[in-house]
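# got a structure for you, letters missing:
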């Protein structure tokens, strides 16, 4: 029986803990290098590689050192995002439920701080209402904070915290990064956004 990429994601993609997005034409060379950091796999999307590293942040640090030594490599990598929480979803309700569960442990750190959600989406989710996961996750976060009796400020520009959301079809990977970490690791691709004039 043939499976769609969406059906395969729930079973196969939970194991990966780093998402690496590369420039067109660089996939094979970057894949070869990543093998030194852990198990490497393909995603259903042409410019996205998946990595299973024993220590995801250590893998990011090593990749950063390689990029400093080899500027060509840095030019081929769009961004590298370690993932701490991952889930698959089929409906908007399931997205909300699983995202709420994933965000719960971060609420104490986020309360009263400025927070921005940055998403990178590949492929369309099954429900048109879920097409903008960034807005959906922002709403989930606001609701979860409110239910816990806390709140957070919008984080345009240079926020205290950034929630990185990597969405590959029906698979979502989340991670939380402080301002200091974002500055230390530009390879995350989470740097400050321009302020509106």
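Right, received. Where do you want to start? No experiment lies behind these values; they were computed from the predicted model shown.

# ok, which stretches of this protein are strands?
Secondary structure of the chain, counting by DSSP state E: strands at 18-22, 39-42, 48-52, 77-82, 85-88, 114-122, 153-154, 161-168, 171-178.

# which elements pack onto the first one?
Applying 3 or more C-beta pairs under 8 Å, 6 or more residues apart in numbering; DSSP states H and E, we find strand 18-22 packed against helix 27-34, strand 48-52, helix 56-69, strand 77-82. All C-beta atoms are positioned from the backbone trio N, CA, C, and that covers glycine.

# identify the residues contacting that strand?
By C-beta atoms under 8 Å, 6 or more residues apart in numbering, the surrounding residues in contact with strand 18-22 are 30, 34, 37-38, 43, 47-53, 56, 59-60, 76-83, 120, 166, 168, 173, 189.

# can you do 6 Å?
If you take C-beta atoms under 6 Å, 6 or more residues apart in numbering as the criterion, strand 18-22 is touched by 30, 47-49, 51, 53, 56, 59, 76-82, 166, 173.

# domain parsing for the protein?
17-82, 85-184 (automatic domain parsing).

# what is the rounded mean pLDDT of the first one?
Over the span of domain 17-82, the pLDDT mean works out to 93.

# show me how far it is from its chain's centre.
The gap between the average C-alpha position of domain 17-82 and the chain average comes to 13 Å, counting by C-alpha atoms, centre = their mean, to the nearest Å.

# ok, now stretch 96-110?
From the chain centre to the centre of stretch 96-110 is a distance of 15 Å (C-alpha atoms, centre = their mean).

# also stretch 93-108?
Going by C-alpha atoms, centre = their mean, where stretch 93-108 is centred and where its chain is centred differ by 15 Å.
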